[in-house]
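Fold the following for me, if possible:
(6 chains)
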Number of protein chains: 6
Amino acid sequence: MVNLELMDWQTYAEKTKEGHAIIMLPIGAIEQHGPHMSMNPDVLIPKAISEGVARNSDSILVAPPISYGYKSQVKSGGGNFFPGTTCINGKTMIDTVKDVIVAYAKHGNRKFVLVNGHFENSMFLVEGIELGLEHLRHEGIDAQVMLLSYWDYVTQETIEKVFPDGFTGWDVEHGGVLETSLMLYLHPDCVNMDKVVHHEPATFPPYDIFPADQSWVPCTGTLSSAKNATREYGELLFNVCVDGIYQSITERFS
Amino acid sequence: MVNLELMDWQTYAEKTKEGHAIIMLPIGAIEQHGPHMSMNPDVLIPKAISEGVARNSDSILVAPPISYGYKSQVKSGGGNFFPGTTCINGKTMIDTVKDVIVAYAKHGNRKFVLVNGHFENSMFLVEGIELGLEHLRHEGIDAQVMLLSYWDYVTQETIEKVFPDGFTGWDVEHGGVLETSLMLYLHPDCVNMDKVVHHEPATFPPYDIFPADQSWVPCTGTLSSAKNATREYGELLFNVCVDGIYQSITERFS
Amino acid sequence: MVNLELMDWQTYAEKTKEGHAIIMLPIGAIEQHGPHMSMNPDVLIPKAISEGVARNSDSILVAPPISYGYKSQVKSGGGNFFPGTTCINGKTMIDTVKDVIVAYAKHGNRKFVLVNGHFENSMFLVEGIELGLEHLRHEGIDAQVMLLSYWDYVTQETIEKVFPDGFTGWDVEHGGVLETSLMLYLHPDCVNMDKVVHHEPATFPPYDIFPADQSWVPCTGTLSSAKNATREYGELLFNVCVDGIYQSITERFS
Amino acid sequence: MVNLELMDWQTYAEKTKEGHAIIMLPIGAIEQHGPHMSMNPDVLIPKAISEGVARNSDSILVAPPISYGYKSQVKSGGGNFFPGTTCINGKTMIDTVKDVIVAYAKHGNRKFVLVNGHFENSMFLVEGIELGLEHLRHEGIDAQVMLLSYWDYVTQETIEKVFPDGFTGWDVEHGGVLETSLMLYLHPDCVNMDKVVHHEPATFPPYDIFPADQSWVPCTGTLSSAKNATREYGELLFNVCVDGIYQSITERFS
Amino acid sequence: MVNLELMDWQTYAEKTKEGHAIIMLPIGAIEQHGPHMSMNPDVLIPKAISEGVARNSDSILVAPPISYGYKSQVKSGGGNFFPGTTCINGKTMIDTVKDVIVAYAKHGNRKFVLVNGHFENSMFLVEGIELGLEHLRHEGIDAQVMLLSYWDYVTQETIEKVFPDGFTGWDVEHGGVLETSLMLYLHPDCVNMDKVVHHEPATFPPYDIFPADQSWVPCTGTLSSAKNATREYGELLFNVCVDGIYQSITERFS
Amino acid sequence: MVNLELMDWQTYAEKTKEGHAIIMLPIGAIEQHGPHMSMNPDVLIPKAISEGVARNSDSILVAPPISYGYKSQVKSGGGNFFPGTTCINGKTMIDTVKDVIVAYAKHGNRKFVLVNGHFENSMFLVEGIELGLEHLRHEGIDAQVMLLSYWDYVTQETIEKVFPDGFTGWDVEHGGVLETSLMLYLHPDCVNMDKVVHHEPATFPPYDIFPADQSWVPCTGTLSSAKNATREYGELLFNVCVDGIYQSITERFS
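This is a model prediction of the structure:
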């Protein structure tokens, strides 16, 4: 059992005593991912990867995810105007991350790994971490936080396998082969490949415009096609992320 | 399927069009519930009850829960000092509720039911709702929010069945017969009745003290004994809540 | 003289030196209390009770009350839509309580008693206290705060005397026998018994609705009838609260 | 009766209907005012002046004062380090003023007069008013707020009478002849002229220094001597302020 | 070279090591200053004065100014409704000042001089400083901040020279002789004396009104006439400020 | 003249009337850029580029830059621990951007271009824009904001010229050939090529760690070598950015 919320508190207290445990916190978003997929891959994927990592070591625990993320942007998530894309303000995101880190640190934990599944969250996670560590410092507590987005662990070798026709960048991998393959592997019931709409990867001008220009985004909500997604790619991607993240944690926190 | 995050966005858009859908939002906490139970009943119970309600009507959808709640208080949750009790600040709670309501309303939804599973959340939910509706009003949107704590739907008749030796109040039902029975019915894998520690219901002076006086709380973290909890009571409690809430929704939102 | 603001600063400094004084802070609201009563009982009652307590000991001082409280709720105060009900946001309440506690602690005070007179304030007072103590801790200061609502000191015996026909709960005691009797005893000029409108205690569904449904509330603004209120009951209630609170303070802070 | 909190809500509703009433809101501070005076003149004086003004017209009502003000500054209030000086943060002040204005406007009031009694409050009142009016505008409400500090209504002619030996400026009138005379007239029980310590008016360098340099301030806490204060001067000052403010209100709001 | 942003970081690190350097931070506003002048004198003047002071000592450095200031008020800046007057909220001002002080203190600096060029900023600077020092204290850092508005260094003797026909107060010196003369000396390209509109100094009632009453302000935006401004006066004013401020710094920080 | 703060307000009012003007707002940071360069390229470069763009059209104006930016991150700016790197909190950044946009919109402007010069600012600018537009919407104002980082306008063709030995990505271009060349062209006095320290481009693990691991960063503070920077490259880069941005503005805002 790796999910801390499934433990009773005494088991949790035993596992986390003396600050030796590592708390992994998945952070995602509720956001449309095309007509062929559920709206929670940004939560489910980092949660599954965290659980995969945690199964490697008795001292790694997975915390309940933060499910609501920062506002979807046109160039990386299709935009915040799609029905179902349900996002919170930047300051709320910052405060939530800060508070949750502080709360786990009050239990004696000192090592954290934030596993991000939603591109737009990144800088608000940075600020939440900064403010959390600052607060803890004022309480006389020193902690360390590792922050990562799981796709940064996909190796060049894997990219070449999964995108044999060329890779157009993580930014347009919204609802595309990466996420769809992972979901096919992890939660096949959340994917319906029959509803995939094939289209060329979205391209954008070098600027952003607010309010969003909805004509920039394919009407599917995906930024590249999921047509080539497979369960096998998903397994490959999952394993390369789990292995890489576990290795980073081992190097940094042992 | 009642959980909106499991739908693709087009299905969700179809179900919510013209503002006729009702969005149920479970709100809980990660909080110790004694040595015999996992730390997430405040999330799982309102989520399950919401799903139970939603199965009655095609127009009711359940949103992903807000998992991290307001700080546990000694007299209702044992206190915020227990390992595993992982709570956020009041302002963060207010902002999260506000932002999430606003986000769902931006999709065209106008009817909300917040199902609270954690006593201490209540007033922060009120303020989050107030600020959310105020914000929406400034956007030219009128919405309605129903707020409830599921235990307020347990009838006197059910109380008499479940607590045949007398009922000492919802406040000390922390980790007691109510929550344990519901978890035995809904998530039996999260309960280990062998680890229940029997004790008299906690009693408290008429004031609160800060920082918390840990000697006020049974060392188990429960405020009353779960010894008499059963799966059958859980089913009874679940059904009375589901039925009552569905009836309230029907009366108010039809 | 028990009211600290009536002292010159040197007298105050003498009384509070070495942190031995206890600061009582009444917190209320400006809120309608029916056609027969002024709009400030939530301020005047806790202020008078605090003064009553303070007259027992030279080391107890009463601070100027915080007069504006959190938004009146339908089920406990009639609702925030009545003319004259004048309430502030939750975050403002939290910050005010935090700042005032910190300010008194900067004078060297370490023991506080917050005496609440307005039901809806409670959880915001909790959070204000939590943030105040956290701030003080960062300043290297440890303080203790007792929080109470005066009605929680009314004993079962007194309830039976004051409500001989049965007691329907503190929640509907808004503008009813409790508050009216206390005001008749403490500030008879603020009550006009001729204008009392008799009605059955208000009853409510198990949920709240926002925006408020004004039809739930008696048009008087009271939630139960003040018809049976008397000055004698007021004296009895006053004394039982003063005695009980003084005893709590003695036990906790001696 | 001019104090709105002393009215029952129906009387208040009658007086304020159609937005014709003018709400005066006194705003002060709890702050040391020398060894010869209580710590609340900044509250009591603007409150009394507001009441004096309101007695001129049935359509002017006085709201309960905001008692806790912004941090005392060395050059105008002696500094925030004196025991008894009990001040709140600027943002809390801003939010309180904003919320209270908004709350009174929700009752239908459209004309406000903020009567300041504490020099350091001024700019935070400005910002509270600005944010309050902005919020009301978003609610579709236009209101008008007059802001004044009562001493700005003391005429040159009165200054010459009250300070026959020369006037050194309002800034050093902290605990001096102005405030002491007014308190002798309004609340003689709060003044003990035997404890006045005579000293030359404080003089300061052209800069401020933080943390405060306590050696800049007379150890009495007063910035000029109250020796020449009299009840007669107090009456004179009171009347000139009341008359002037009433005239301003008449000109602006009729 | 006195401007720290023009140094490379190693030079800056060398100059600021051991906390011996003094950081001067000019703070202004973008605000109309009449038809004859650019909109940035409140930034350029305190920047130039800071540079003048810093040229006296190798240990004084000038930081990049904070350019956007608090909302212009009618009686001191003409009001916030003029095109080009571009002001930020009070809380934003407070936070900016706090953050910038904290950031420079993190480099090891302990002595700060804030040079204000915009009347309306003052109290928000005070609060920013207070919060900054509080934050630093929680980090275990003690720092000192001097706050000044440059015009407070203009001596009586200089006033008599520059305003031979009588001085009507700094408040109405908005776009008048003081600022125009200084700009003629420091940035003559930003002044066009041909466009000066002569008028009597503005006079105001003793209160403020919100929303602003635009009829109170000369349509030029200036509050007194710049007709008599000269480059020579500017030089005189500049020198008296630079000398006075340098002397204050020397006295306080040596 | 393109800098709006250099205009008198009447000129500005004339140029911006009817909302036809386009306001460009450069946003940077004060941040170390290696031993060979001043600490303000992130301000000076976007300011110069904005001015270059504005010289193409009478209807484009450049606003005073926001000089203090979000906290430098190890992988893109070397980290927030370098002396001289002077950064503000995320919420302060958000509020500043929001307030400044709102202020310019109050003058009647409806078209904005934010030109970012500091990588770490991006998402806080997004949120500031979102909140600014939301606020304006509540005021009944619709505006449009273009957001860009100037380096996104460097074409592939230019990259090939400027980085003939291969391009390692914008992220490590901190204090490298891009910024140094631009500064050599725009502000050669701020660069000392003799102090350039040559090193291989920094490489980083796929995660971030907090508090920062200073050993990850070259001790120069640069992330890649500026050795090959030239004034000619700077001119080329400047022109390609100016041309591209002007074209975007023309397409979007004509």
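
number of nearby residues for A:R137?
Neighbour count of A:R137, defined by other C-beta atoms under 10 Å in any protein chain shown: 16. Any C-beta I mention is one placed from the backbone N, CA and C, and that applies to glycine too.

now A:V154: how far from A:S122?
16 Å (C-beta to C-beta, to the nearest Å).

Kindly report the same for A:V113.
Applying C-beta to C-beta to A:V113 and A:S122 gives a distance of 15 Å.

Who has more neighbours out of the two?
A:V113 (26 against 18).

in a strand, that's where that one is, yeah?
Yes - inclusion of A:V113 in a strand is indicated when DSSP: H, G, I helix; E, B strand; the rest coil is applied.

any idea which helix or strand carries A:Y185?
For A:Y185, the host element (DSSP states H and E) is helix A:177-186.

Can you give me the neighbour number for the nearest residue to A:L182 once chain neighbours are set aside?
Nearest non-adjacent residue to A:L182, counting by C-beta to C-beta, 6 or more residues apart in numbering or on different chains: A:G234, 4.6 Å away. By the criterion of other C-beta under 10 Å, A:G234 has 25 neighbours.

So what touches the helix or strand that contains A:E232?
Under the criterion of DSSP H and E, A:E232 resides in helix A:231-253. Residues outside helix A:231-253 that contact it (C-beta atoms under 8 Å, 6 or more residues apart in numbering or on different chains) are A:22, A:48-49, A:52-53, A:56-57, A:60, A:111, A:113, A:115, A:144, A:146, A:148, A:150-151, A:153-155, A:158, A:161-162, A:177-178, A:180-186, A:188, F:205-207, F:209.

Could you give me the PyMOL syntax to select whichever of these are buried?
To isolate the buried ones among the contacts of helix A:231-253 in PyMOL, judged by 16 or more other C-beta atoms under 10 Å in any protein chain shown, type:
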select buried, (chain A and resi 22+48+49+52+53+56+57+60+111+113+115+144+146+148+150+151+153+154+158+162+177+178+180+181+182+183+184+185+186) or (chain F and resi 205+206+207+209)
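
Just read off the phi/psi values of A:I88.
phi -110, psi 170 (degrees, to the nearest 10).

Spatially nearest residue to it, not counting backbone neighbours?
In space, A:I88 is closest to B:D99, 3.9 Å off (C-beta to C-beta, 6+ apart).

what's the helix or strand hosting that neighbour packed up against?
Following DSSP H and E, one finds B:D99 within helix B:90-106. Where contact means 3 or more C-beta pairs under 8 Å, 6 or more residues apart in numbering or on different chains; DSSP states H and E, helix B:90-106 is packed against helix A:90-106, strand B:22-27, strand B:111-116, helix B:122-138, helix C:90-106, helix C:122-138.

Tell me where the model's unsure across the stretch 151-254 of chain A.
For the stretch 151-254 of chain A, no stretch has pLDDT under 70.

Just list the residues touching the residue of it found nearest chain E, thanks.
As assessed by C-beta to the nearest C-beta, chain E sits closest to A:F210 within the stretch 151-254 of chain A, at 19.7 Å. The contact partners of A:F210, by C-beta under 8 Å, 6+ apart, come to F:126, F:129-130, F:133, F:144-147.

For beta bridges, what are the partners of it?
Here A:F210 shows beta-bridge partners F:V145, assigned using DSSP bridges.

Where does A:A202 fall, secondary structure wise?
Counting by DSSP H and E, A:A202 is part of no helix or strand.

show me the contacts for the closest residue to it other than its chain neighbours.
Nearest residue to A:A202, sequence neighbours excluded (C-beta to C-beta, 6+ apart): A:L223, at 4.4 Å. Listed by C-beta under 8 Å, 6+ apart, the contact partners of A:L223 are A:75-76, A:78, A:171-176, A:201-202, A:217.

SS state for A:L223?
A:L223 ends up coil, using three-state DSSP.

need the residues of the stretch 51-200 of chain A near chain F, please.
A:70-71, A:73, A:89-91, A:94, A:120, A:122-124, A:126-127, A:129-131, A:133, A:144-148, A:152-153 (C-beta under 8 Å from any C-beta of the partner chain).

Swap in 7 Å and give it another go.
Counting by C-beta under 7 Å from any C-beta of the partner chain, the residues of the stretch 51-200 of chain A close to chain F are A:71, A:73, A:90-91, A:94, A:123-124, A:126-127, A:129-130, A:133, A:144-148, A:152-153.

Buried ones only from these, please, as a PyMOL command.
Of these, the buried ones can be selected in PyMOL as follows, counting by 16+ other C-beta under 10 Å:
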select buried, chain A and resi 71+73+90+91+94+123+124+126+127+129+130+133+144+145+146+147+148+153
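
one step back: could you check the angle strand B:22-27 makes with the helix holding B:D99?
160 degrees (axes from the mean of the first three to the mean of the last three C-alpha atoms, to 10 degrees).

Please report how far the residue of the stretch 151-254 of chain A closest to chain E lies from F:D208.
In terms of C-beta to C-beta, A:F210 sits 27 Å off from F:D208.

just A:P41 next, same as before
23 Å.

what does A:V191 give?
Using C-beta to C-beta, A:V191 is found at 31 Å from F:D208.

Comparing those two, which residue is more hemmed in?
Neighbour totals were compared for A:V191 and F:D208, and A:V191 leads with 28 against 23 (other C-beta under 10 Å).

The more buried one reaches A:M37, doesn't it?
Yes - counting by C-beta atoms under 7 Å, A:V191 touches A:M37, with 5.3 Å between them.

Find residues that contact each of these two.
Common neighbours of A:V191 and A:M37 (criterion: C-beta atoms under 7 Å, 6 or more residues apart in numbering or on different chains): A:180, A:183.

Next one: the residue most central in space within chain A relative to A:N89, how far apart?
Closest to where the C-alpha atoms of chain A average out (C-alpha atoms, centre = their mean) is A:G117, at 1.4 Å. In this view, A:G117 and A:N89 are 19 Å apart by C-beta to C-beta.

for A:T250, same thing?
Taken as C-beta to C-beta, the span from A:T250 to A:N89 is 36 Å.

So these two - more neighbours on which side?
Neighbours were counted for A:T250 and for A:N89 using other C-beta under 10 Å; A:N89 has more, 22 against 12.

Next, that one: phi, psi?
Per degrees, to the nearest 10, the backbone of A:N89 is at phi -70, psi 160.

List the residues that contact the residue nearest to A:G128 when sequence neighbours are not counted.
Spatially, and ignoring its direct neighbours in sequence, A:G128 is nearest to A:V97 (2.7 Å; C-beta to C-beta, 6+ apart). By C-beta under 7 Å, 6+ apart, the contact list for A:V97 reads A:125, A:128-129, A:132.

which residues does the residue in chain A positioned nearest to chain E contact?
Taking C-beta to the nearest C-beta as the measure, the point where chain A comes nearest chain E is A:H138, at 4.4 Å. For A:H138, the contacting residues are C:138, E:138, by C-beta under 7 Å, 6+ apart.

Report pLDDT for whichever residue of chain A sits closest to chain C.
The nearest approach of chain A to chain C comes at A:H138, 4.4 Å away (C-beta to the nearest C-beta). Looking at A:H138, its pLDDT is 98.

how would you label A:L147: helix, strand or coil?
Under three-state DSSP, A:L147 comes out as strand.
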